[in-house]
Structures are given as C-alpha cells and as structure tokens.
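Q: Predicted structure and sequence below. I'll ask about it afterward.
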Amino acid sequence: MKTKYAIIIPDGAADYPIEEFDGKTPLQAAQTPNMDRIAIQGRQGTVQTIPAGMPAGSDVAQMSLLGYDPLKYYNGRAPIEAAAQDIKLGEDDWAFRCNLVTIADDVMADHSAGHISTDEAAKVIADIKTLFAEDARLKFYTGVSYRHLCIITGEDFEKIVTTPPHDIIGEKASKYYPKGKHAKMLVEAMKRSQDFLADHDINRVRKDLGENPVTSIWLWGHGQRMALDSFKKRFKLSGAAITGVDLIRGLAKLIGFDILHVEGATGYIDTNYYGKGQAAVEALENYDLLFVHVEAPDEAGHSGNAQAKKYSIEQIDRHIVGPVHEALEKYQDYRIIVLPDHPTPIEIQSHTDEPVPFAMAGTNVKASLKKPFSEENAFETGLHIPRGSELMEYFLTI
C-alpha cells in the first residue's frame, strides 16, 4: 500500500507577536492541540516560500508548496485563476484579476467590498459586462465573492505594473493605479466602473444594511497562459485539492489534481471547516496526497482582526487537522504537514516574504523539538529549507 500524505494550509496564519494576545502571535494564542501533537511527535522547521525578488503573494507561495519553482513557472496570478474556470487563453490574451473593492475618498478602504456574497457579485459583474459590451477586447468572468477575472485581447501588457488591493488598505488608491504601457486603458476602465457603480442597486441595499458598497473594479495580477508539469508524472502520486478559492483550484487543475467541492466553502472566515475536514477524511481512500487549503486566517489578517484569526486557526485545528491526522494514523504509512503559505501579520494587514513555520509527523519522521507549534519554536529547531519548492520532496522522501 502506498504512503498516504496530507498537506494542510492555514493561509496567512503566521504572524508577529501582538499586544492583544500579551505578546503572543495568533498561532501561539490559539488552542491548537492537534497541530501541537504533530509538532511534538514529529518535527518543526521553517521554509522560505517566496523566492527573493518575487511578490509575496499566495500564488507564488502556493506554487512553491506544491513543489513548483515560481522562478521557473510563475506567470502571474490571473492566468492561474483562469485555469480554475476553464478559460482557454489565446496567445494574444492577458488575464487580470478583477477585484470588487471599496474606495472611499480615494482611499482603499476594503479589498473585498465587505466580502460581498457571490450572488451579489454575480449581478454586479453581469452589469459590468453590459457596461463594456461594446469593447470586444474586454471580457469579464464571475468568480467567488469579490474575486473575478478580466481577459483583455490584442494589447501588450508585458511592461505594466499593477498592485494588489489588499496591499494598500488605508492608502490613496489613485497612487497605485496601473502604470506603464497601455496603463491608460486599465485606469479608464476602473474609473468608468466607479461612475457606473455609484448608484448601483446592489450598493443601495448594501448601504442600507451598513455594508461596504462596491465602488470600483480593481485590475491586477496580470499574466498570460501558463503550463505546469503533471504532479503525478513528477512524484508518482495521485492528488486532490480542497479549497474555497479559484487560485488553488487553478493550480490544482494545472498540475492534474482533482478538485473536491465542499458545500459552504466560502474562502472566508465563515467557511465550512467541518465539511472540509470530512471531505478530506473520506478522500484519503481514493488519493495518495490531499492538499487542503483554508483562506480564513489570511482574510482575518487583511482585516486586522486578531480574534478572527485566532478563531479560524482553532477551527482549522479542530475540524481539519485533528480528523485528518486521526484518519491517516489508520494507514500503515502516512505523513502529514501543516504550514501557512506566507505570513499575513495583523499589524500591517498585508503579506510578507519571511519564512513560515511548518510541523510534520508520520512514518519515519523522528521527533526533534518537543514543543507546541509556533513561529518561535519552528525557528528554534534550526531546520530551514531555503527554497520552498524543495519542501515537497523533503516531505515525501525524508
């Protein structure tokens, strides 16, 4: 029987010590008996998921964690999400991530328009499609919540510079409009959406409910079509992914993983933690490796909500890490690893490119530092993997 593997990603869970938790990080403050058991039974360490000079995004980090060197394969975030939606990009197509955001008095107030529901967002994107219907170069595609896509044909955006909206919360939005060749086209589209959305029906309702309105589309994360080598061909293992966001679905499709859908997987703090855990336990019988991703800690970090981050980490530990580890122990050979893809510190509400902690346990993984899972303890072990894309082979073969 093949060894069974599980990789559990509490996105953005790594953090700095914060005053609200008496100098502890959210990971240290959270009750995580299952992560701690993995750390104590097995080993902790740190890994550099973001190569030097590359953006500290989940796209780069998750590609590393799946065993693919971003320096070789990375070509922008939006093409990955296009793959998730089975959008076939032509040679002249450029994909852009299209966030629905809240800009107030030219300040980026919310990168997610109050975590707008997918149903509401779908109506907004449908109207955006109508607004730009006369321009055949632009096509819009509905995603999940605030996360959508814009595909532009016939222009060269090789030299364009765009900025993720979650990196500029509280800053002047116009300062970060796209810059470079053909930037004018993107800026005009964003400004046109602002005029159109000012009195949109969805926004009137959201304002009445005290929710952040959608005031603009925000175009970023551009790139052209991408190809990745088959995971099964490289590692001789079948795989499946569980996630609530198109970024991970796209990466999964590009490497040949199956995607397991879970009802109520929202990509937010209210996601179905229990459902994800149960889906993973049930899928172990059919796959060699499971990749379980939870976006919630990252969203809490972007919101600067320490309590929500702590809560989401605890839910992941209780409903996903615990049940999956228990199920794995029933197999003759198994390995499990838990780690964030990057830090999303409460203090700065954005990603950083620092190393992240990991905890792994299972067959032939000898215990090292018998302490709970945390950034501090992982660093103390001295075990550091400088190239994130090499972690997969370490995890599979150590």
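A: Great, that's in hand.
Q: Okay, now the unreliable bits of the protein?
A: 1 (pLDDT under 70).
Q: how about the helix or strand containing Ala39: buried residues?
A: Using DSSP states H and E, Ala39 sits within helix 33-41. Residues Asn34, Met35, Asp36, Arg37, Ile38, Ala39, Ile40, Gln41 are the ones in helix 33-41 that count as buried (16 or more other CB atoms under 10 Å). Placement of C-beta: from N, CA and C, glycine included.
Q: Which elements pack onto the helix or strand that it is followed by?
A: Of the helices and strands lying after helix 33-41 in sequence (DSSP H and E), the nearest is strand 43-47. If contacts are counted by 3 or more CB pairs under 8 Å, 6 or more residues apart in numbering; DSSP states H and E, strand 43-47 sits against strand 356-362, helix 375-380, strand 384-385.
Q: Deepest in the core, which of the ones you listed is it.
A: Each of the helices and strands packed on strand 43-47 was scored by mean neighbour count; the highest is strand 356-362, a mean of 25, by mean count of other CB atoms under 10 Å.
Q: That one - which strands sit beside it in the sheet, and in what orientation?
A: Paired neighbours of strand 356-362 in the sheet (DSSP bridges): strand 43-47 (antiparallel), strand 334-338 (antiparallel).
Q: mind checking which of the ones you listed is nearest Ile116?
A: Closest approach to Ile116 among those (CB to CB): strand 334-338, 30.2 Å.
Q: Give me the contacts around the helix holding Ala39.
A: Helix 33-41 has contacts (CB atoms under 8 Å, 6 or more residues apart in numbering) with 317-318, 321-322, 325, 336-338, 359-361, 365, 367, 369-373, 377.
Q: how big is the angle separating that helix from strand 334-338?
A: 110 degrees (axes from the mean of the first three to the mean of the last three CA atoms, to 10 degrees).
Q: Any idea how far helix 33-41 is from the middle of the chain?
A: Its chain's C-alpha centre and that of helix 33-41 lie 24 Å apart, by CA atoms, centre = their mean, to the nearest Å.
Q: ok, now stretch 355-367?
A: Distance of stretch 355-367 from its chain centroid, counting by CA atoms, centre = their mean, is 22 Å.
Q: Span of that stretch from start to end?
A: End-to-end distance for stretch 355-367: 21 Å, by CA to CA, to the nearest Å.
Q: who's in contact with the closest residue to Gly362 other than its chain neighbours?
A: Leaving out its chain neighbours, the residue that sits closest to Gly362 by CB to CB, 6 or more residues apart in numbering is Arg335, at 3.6 Å. Residues in contact with Arg335 (CB under 8 Å, 6+ apart) are Thr3, Lys4, Tyr5, Ala6, Leu328, Met360, Ala361, Gly362, Thr363, Val365, Phe395, Leu396.
Q: swap the cut-off to 10 Å and go again
A: Arg335 makes contacts with 3-7, 42, 289, 328, 360-365, 395-398, as judged by CB atoms under 10 Å, 6 or more residues apart in numbering.
Q: With just CA atoms, put stretch 316-334 into CSV.
A: Taking C-alpha atoms only, stretch 316-334 is exported to CSV below (Å, rounded to 0.1, in the frame of the first residue of the first chain):
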residue,chain,number,x,y,z
ILE,A,316,-8.8,24.5,11.3
ASP,A,317,-7.1,22.6,14.1
ARG,A,318,-10.3,21.2,15.4
HIS,A,319,-12.2,20.3,12.3
ILE,A,320,-9.5,19.6,9.8
VAL,A,321,-6.1,18.9,11.3
GLY,A,322,-7.4,16.6,14.0
PRO,A,323,-9.8,14.4,12.0
VAL,A,324,-7.3,14.1,9.0
HIS,A,325,-4.4,13.2,11.3
GLU,A,326,-6.6,10.6,13.1
ALA,A,327,-7.7,9.1,9.8
LEU,A,328,-4.1,9.0,8.5
GLU,A,329,-3.0,7.0,11.5
LYS,A,330,-5.1,4.1,10.4
TYR,A,331,-2.9,3.6,7.4
GLN,A,332,0.3,1.6,7.6
ASP,A,333,2.4,4.5,6.3
TYR,A,334,1.5,8.2,6.3
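Q: Tell me the gap between stretch 79-87 and the middle of its chain.
A: Relative to the centre of its chain, stretch 79-87 is centred 15 Å away, using CA atoms, centre = their mean.
Q: which parts of that stretch are buried?
A: Buried residues in stretch 79-87, counted by 16+ other CB under 10 Å: Pro79, Ile80, Glu81, Ala82, Ala83, Ala84, Ile87.
Q: what would those look like in TSV with secondary structure and distance to Glu155?
A: Converted to TSV, the buried residues of stretch 79-87 look like this (DSSP: H, G, I helix; E, B strand; the rest coil; distance: CB to CB, whole Å):
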residue	secondary structure	distance to Glu155
Pro79	helix	16
Ile80	helix	20
Glu81	helix	19
Ala82	helix	16
Ala83	helix	21
Ala84	helix	23
Ile87	coil	17
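Q: Closest one to Lys232 out of those residues, please.
A: Ala83 (17.0 Å).
Q: Please tell me how far the residue nearest to Gly362 sits from Leu290.
A: 11 Å (CB to CB, to the nearest Å).
Q: Now for these two: what residues contact both?
A: Going by CB under 10 Å, 6+ apart, residues that sit against Arg335 and also against Leu290 are Lys4, Tyr5, Ala6, Ile7, Leu328.
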